[in-house]
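*Asks:* Predicted structure and sequence below. I'll ask about it afterward.
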Amino acid sequence: MTTVGSTLLERHRVRPAEYVYWIALASVFFLFPRNLSLATSIMVMSLFALSLDLILGFAGVVSFGHAAFFGIGSYCAAQLALHGWSEPISGALIAGLAAMVFALVVGPLVLRFTGLPQIMVTLAIGIILYEAANKASSITGGDDGLGGIKLMPLFGTFEWTAYGQTAFWYAFGWLLLLFIALRIVIASPFGVSLQGLRENTLRMRFIGTPVFGRLLRAYAMSGFVAGVAGAVSAQVNKFAGLDMLSTDRSIDVLVMLILGGVGKLYGALIGAPVYMLVHHQASEWNPFHWMFVVGGLLIFVVMFARGGVLGLLEAGLGRLPGGRAQ
Amino acid sequence: MQEILSATSFIAIYGLSYGVVLFLISIGLVVTMGLMRVVNMAHGVFAAWGGYIMVNMMNAWGASYYVAMVGAILVIALVSVLVERIFFFKLYGAPELEQALLTIGLAFIGVASLNLAFGPDIVAARLPAELGASIDFAGRSVQAYRLFIIAFGAAVMLVLWYIFDRTSFGARLRAAVDNRGMAAAVGINVRRLFSIAFALGSGLAALGSAIGVAVLPLEPMYPLKYLVLILIVVAMSGAGNVKLAAGVSLGLGVVDTAGRYFHPEIGSFLIYIAMLVYLMARGGKLAAVHAR
Amino acid sequence: MSTNMLEARGLDKHFGALHVTRSVDLSVTAGARLALIGPNGAGKSTLVGLLTGQLKPDSGQILLAGRDVTSESIEKRTRSGLARTFQINNLFRGLTVLENVFLAVSERLGTAGSQLRTAKSCTEVIEKAEQLLKELELGNALHQRISEISYGRQRLVEIAIALSLSPRVLLLDEPTAGIPAGEVARVMEVLEALPAELAIVVIEHDMHVVRRFAKEIVVLAQGAVLARGLPQEVMASDEVRRVYLGGVDPSKSVMGKRRA
């Protein structure tokens, strides 16, 4: 597309670069067979970042406590498996629904606010949930977490192999499926109206938009996707722990999304791998030194590259003939 | 009876001294948020560095607690002006999320640099003998240090009240908090006013961590560990309201201490619940303030 | 009988000690062209806020097509047929002209909540939006962003959005304010061509516009209705001149100048 077009109404168009992304992701399985576990974690975090992008990037709702949904999904999936519900796909779905219910409960509180109060409320909800999980060790295993998860083979056929082949495709499948679902949602009139809400909430009320209901729906969907991400994480790692609920994780996913680019879906899919690969390289470091890197990245992105990596890529490609003018 | 009195005095003294420290490390952010509407997640870095500088002045040069405290405040106030000039100009008028992210980045760097400079462990400061002594107070033996904090805090609050309510600097500051555009229109140099307020606030944060060195222990994670507390004070007092911030800080200190005293189980998150309830009750008002 | 499309009964509003709306009664019938005028601080904006639901009255009632909407939200009143434009353009600046109107039409036609079809496939919405924009001679700007078109044309988009809601009552908040002189004529043309049966309230400072557009004037002063009547009657009233013009000799006033 070289003309400046109606970008919102063209969101459903699949661009060639998208196929490249998914083929590249799938080919990781063949190119890096020794790193499947890392690749799986990256896909889980990509899914988590996608869920955040739906509310932050499209609806303009800020969350500093998104790990709450991820953690609920994790614990729920772990508990299901420990209680004998060992079929993974339905387990992840149930876990996602549990996180969605939580989103519907806290949503009315979060969505009353914007700006700093909203940041504070989401932060507080995250912390309260973390502390509650810490105390409720009969359900969460406290500091020790929940281990020893056993799952049925995927589709009753594929065993969960030690090198994580099944886990890789399991996470890949969820990521692709939910990505397509979100892709459909953001190209729908509903998605377009979210964009309107992000731009100018008051004006939306003056065209008759039921603002709260619409944001709550987006919030619930985001909670569901985050919950599934948490569930997949617990299922492939055979473990759920407090770390999944922590504010650190909420900040991490925010950084990944900002780094990749907000409000583009692919920002989440690029930010998570970039962040996690750099982190992986630095895993030998003192964790405090890692904070130099994250801090520097955040400052750099806000000051010089507000569109994130994807924004830089688009700006770069836009200059090429036939590139997409933004 | 004796027990109740003892518990009350414990909660009052520990809660209030804790509240004073909270007030000092938060008040700068309350004012700058009100003035420039910048969410500064790195505010705690100034506090932490202030405390560390004081301890190191004492250890390396043998400076007294009081002298080192003043030194730390001055250093932080000066450095904060530089930081403000380099990073914050980008943020005025930017969306709150961007402000939050950039300043979280600054906070991370602050934490990492504290670790690099002073190591990962908690550092303790030797309190002067007169502050370390115990005093019998309302049937209970308490450290003189705690009473010192409360008395000192009360004095600082008085001075701040005087500055805000009685001086022309305070009048200009309040005018700018209330309506920045109007203040600029009547000839107030808002930009310079902010630099001064920023330096003052950072200096106060340094004072807070220095005076509270035995209340909130110094460690590299300090800026993030207490960030949430600072933000709670800011969110609950609304932008720029100094008196309310004092009330909120002291209230939080007492509620938190009481919570931990009576119900150690839930005490750790009582203040978060208190904040949620408070924000819910004030929801409409906050939204209105925010919309300006 | 010609029913009141919009009616206010005994509206009162305080901001602290300030009494900004004093028992205001107002009725707007279908086909009305009513101008709401008054000096700065007379309470015009507050009244608009009360009518649209942005502000809640301390007492009094607001009826929309005979139904009490006093406690209803902005969005609900909008869906019941109350639309407004803004004194300062209030649009989705990052979106295109078509997208701006798309949002409103899709809200009106009830498709805005659907998630399983693409926005592009909502041809009924897009066609309606395009048709409206073409009627306002914005057909050549469909795919331009709001920030790329002139301020006067942005105002036309405001009007297009309001019309796309198929309102029964339209509040025009200073429709020509801030628009360069060269574009005012076009906006006036559009206003005069609005559907005859629509009940219209225009809040306006510019007496030239009032004179040309209004069939009826309500003068607001210090929060209360000072006078109401036909334009020539109201403008001839000594009391109105005194309050509205602050004792200035009418021949040197805004009205006088415009007439000259």
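*Replies:* Nice, thanks for sending it over.

*Asks:* From residue C:148, how far off is whichever residue of the stretch 1-150 of chain A sits closest to chain C?
*Replies:* Residue of the stretch 1-150 of chain A nearest chain C, by Cβ to the nearest Cβ: residue A:12 (4.0 Å). Using the backbone N, CA and C atoms, a C-beta is placed for each residue, glycine as well. Remark: distance between residue A:12 and residue C:148 (Cβ to Cβ, to the nearest Å) = 24 Å.

*Asks:* so where's chain B uncertain?
*Replies:* B:1, B:137-139, B:239-240, B:266-268, B:283-292 (pLDDT under 70).

*Asks:* What is the burial count for whichever residue of the stretch 101-250 of chain C sits closest to chain B?
*Replies:* Using Cβ to the nearest Cβ, the single residue of the stretch 101-250 of chain C nearest to chain B is residue C:147, 17.1 Å away. The tally of other residues near residue C:147 (other Cβ atoms under 10 Å in any protein chain shown) stands at 10.

*Asks:* and the closest residue to it other than its chain neighbours, what pLDDT?
*Replies:* Leaving out its chain neighbours, the residue that sits closest to residue C:147 by Cβ to Cβ, 6 or more residues apart in numbering or on different chains is residue C:93, at 4.9 Å. Looking at residue C:93, its pLDDT is 87.

*Asks:* Tally up the residues packed near residue C:93, please.
*Replies:* Applying other Cβ under 10 Å, we find 14 residues neighbouring residue C:93.

*Asks:* Just confirm it is within a strand.
*Replies:* No. Read with DSSP: H, G, I helix; E, B strand; the rest coil, residue C:93 is coil and lies in no strand.

*Asks:* next helix or strand past the host helix or strand of residue B:102?
*Replies:* Residue B:102 belongs to helix B:96-118 when assigned by DSSP states H and E. For helix B:96-118, the succeeding helix or strand toward the C-terminus, using DSSP H and E, is helix B:129-132.

*Asks:* helices or strands up against that following helix?
*Replies:* Here helix B:129-132 touches helix B:144-166, going by 3 or more Cβ pairs under 8 Å, 6 or more residues apart in numbering or on different chains; DSSP states H and E.

*Asks:* orientation of the helix or strand just after the helix it packs on relative to helix B:144-166 in degrees?
*Replies:* Tracing the chain C-terminally past helix B:144-166 and defining elements by DSSP H and E, one meets helix B:168-178 next. For helix B:168-178 against helix B:144-166, the angle between stretch directions is 80 degrees (axes from the mean of the first three to the mean of the last three Cα atoms, to 10 degrees).

*Asks:* List the neighbours of the helix or strand following helix B:168-178 that are in contact with it.
*Replies:* Towards the C-terminus, the helix or strand next in line after helix B:168-178, according to DSSP H and E, is helix B:180-185. With Cβ atoms under 8 Å, 6 or more residues apart in numbering or on different chains as the test, helix B:180-185 has contacts from B:35-36, B:172, B:175-176, B:190.

*Asks:* now stretch B:55-70
*Replies:* B:53-54, B:71-72, B:118, B:123-128, B:131, B:207, B:210-211, B:213, B:218.

*Asks:* what comes up buried for that stretch?
*Replies:* Buried residues in stretch B:55-70, defined by neighbour count with 16 or more other Cβ atoms under 10 Å in any protein chain shown: B:55-58, B:63, B:65, B:68-70.

*Asks:* what helices or strands is the strand or helix carrying residue B:279 leaning on?
*Replies:* Residue B:279 is located in helix B:264-281, with elements delineated by DSSP H and E. Under the contact criterion of 3+ Cβ pairs under 8 Å, 6+ apart, helix B:264-281 touches helix A:115-135, helix B:227-237, helix B:242-262.

*Asks:* Out of these, which is the most enclosed?
*Replies:* helix B:227-237 (a mean of 25; mean count of other Cβ atoms under 10 Å in any protein chain shown).

*Asks:* hmm, that helix touching chain A?
*Replies:* Yes. If you take Cβ under 8 Å from any Cβ of the partner chain as the test, helix B:227-237 does meet chain A, through B:228, B:231-232, B:234-235.

*Asks:* Just put the helices and strands packed on helix B:264-281 in JSON lines and tack on distance to chain C.
*Replies:* Shown next, in JSON lines, are the helices and strands packed on helix B:264-281 (distance: least, Cβ to the nearest Cβ, whole Å):
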{"stretch": "helix A:115-135", "distance to chain C": "19"}
{"stretch": "helix B:227-237", "distance to chain C": "21"}
{"stretch": "helix B:242-262", "distance to chain C": "18"}
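
*Asks:* Need these in a markdown table (columns: distance to residue C:113).
*Replies:* Below are the helices and strands packed on helix B:264-281 laid out as a markdown table (distance: least, Cβ to Cβ, whole Å):
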| stretch | distance to residue C:113 |
| --- | --- |
| helix A:115-135 | 23 |
| helix B:227-237 | 32 |
| helix B:242-262 | 40 |
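
*Asks:* can you pull the pLDDT of residue C:11?
*Replies:* On pLDDT, residue C:11 comes in at 89.
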